[in-house]
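> Return atomic coordinates for the entry below.
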Amino acid sequence: MATKKLKAKAHAYAPQSKADCQADIKKLGDLQRDLLRAQADLNDEIAHLTKAATPRLEALQERIGTLQAGVQTWCEANRAELCGNGKTANLITGEVQWRLRPQSISIRGAEAVIDTLKRLGLERFVRVKEEPNKEAMLNETDAVRGVAGITVVTGVEDFTITPFEVEVPGA
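Numbering: from 1, shown residues only. The predicted model follows:
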């Protein structure tokens, strides 16, 4: 069996000794923790800003909802005068419209609906999805090797760096 070579891409920086590599792993851990702290600080600031703005935003949404409901009530009561036989009215400061949504289907309890459709002989409304079974192919790689469009990927090696850290209980 042939030995596998680990291909490494050339980078602008690489440690020059074992000590340099150890120091760089420590720096990597420090930088990762700094990144996590910066992300936590940012999330804290976002939470603070959101909490501070929430009452104002809720008040604005409530006012908008009240105005929209009032305008709709008035427009519904005066629709014939506003539109005649049409569906749109221009009120100078804005426009109101009445539009029918396209027909749609809503399904609750998909499994029960599928069973009912099959029982009623309405299988044409049940979609059967065919797709390659990768799990079965992994169990029998020799059978699918060479089939156009299928590639059996083996021997991929990942390189990971895990700086040592102490976990504080209860933190």
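
> mind checking the SS state of Pro132?
Using DSSP: H, G, I helix; E, B strand; the rest coil, the structure places Pro132 in coil.

> where's it relative to Glu76, distance?
54 Å (CB to CB, to the nearest Å). Every C-beta, even on glycine, is put in place using the N, C-alpha and C of the backbone.

> And Arg124, by the same measure?
For Arg124, the distance to Glu76 - CB to CB - is 41 Å.

> before we move on, what about Pro169?
Counting by CB to CB, the gap from Pro169 to Glu76 is 63 Å.

> what about the two, which has more around it?
Glu76 (11 against 4; other CB atoms under 10 Å).

> packing partners for the helix or strand harbouring the more buried one?
Glu76 belongs to helix 18-77 when elements are defined using DSSP states H and E. Contacts defined by 3 or more CB pairs under 8 Å, 6 or more residues apart in numbering; DSSP states H and E place helix 18-77 against strand 95-97.

> centroid residue for this structure?
Asn43 (19.0 Å; CA atoms, centre = their mean).

> any low-confidence regions in the protein?
Along the chain, the model assigns pLDDT under 70 to residues 1-10, 168, 171.

> Check it for me, the residue farthest from its geometric middle.
Furthest out from the centre of the chain (CA atoms, centre = their mean) sits Glu81, at 46.4 Å.

> Specify the beta-bridge partners of Glu95.
Asn90 (DSSP bridges).

> Burial check on it, number of neighbours?
9.

> any idea how far Leu82 is from it?
On the measure of CB to CB, Glu95 and Leu82 end up 10 Å apart.

> Need the overlap of contacts for the two.
Shared contacts of Glu95 and Leu82 (CB atoms under 8 Å, 6 or more residues apart in numbering): Ala89.

> what about Ala89, how many neighbours?
Ala89 has 17 nearby residues by other CB under 10 Å.

> quick one: contacts for the closest residue in space to it that isn't next to it in sequence?
Using CB to CB, 6 or more residues apart in numbering and skipping the chain neighbours, the partner closest in space to Ala89 is Leu82 (3.8 Å). By CB under 8 Å, 6+ apart, the residues touching Leu82 are Cys75, Ala89, Leu91, Val96.

> All set now, cheers.
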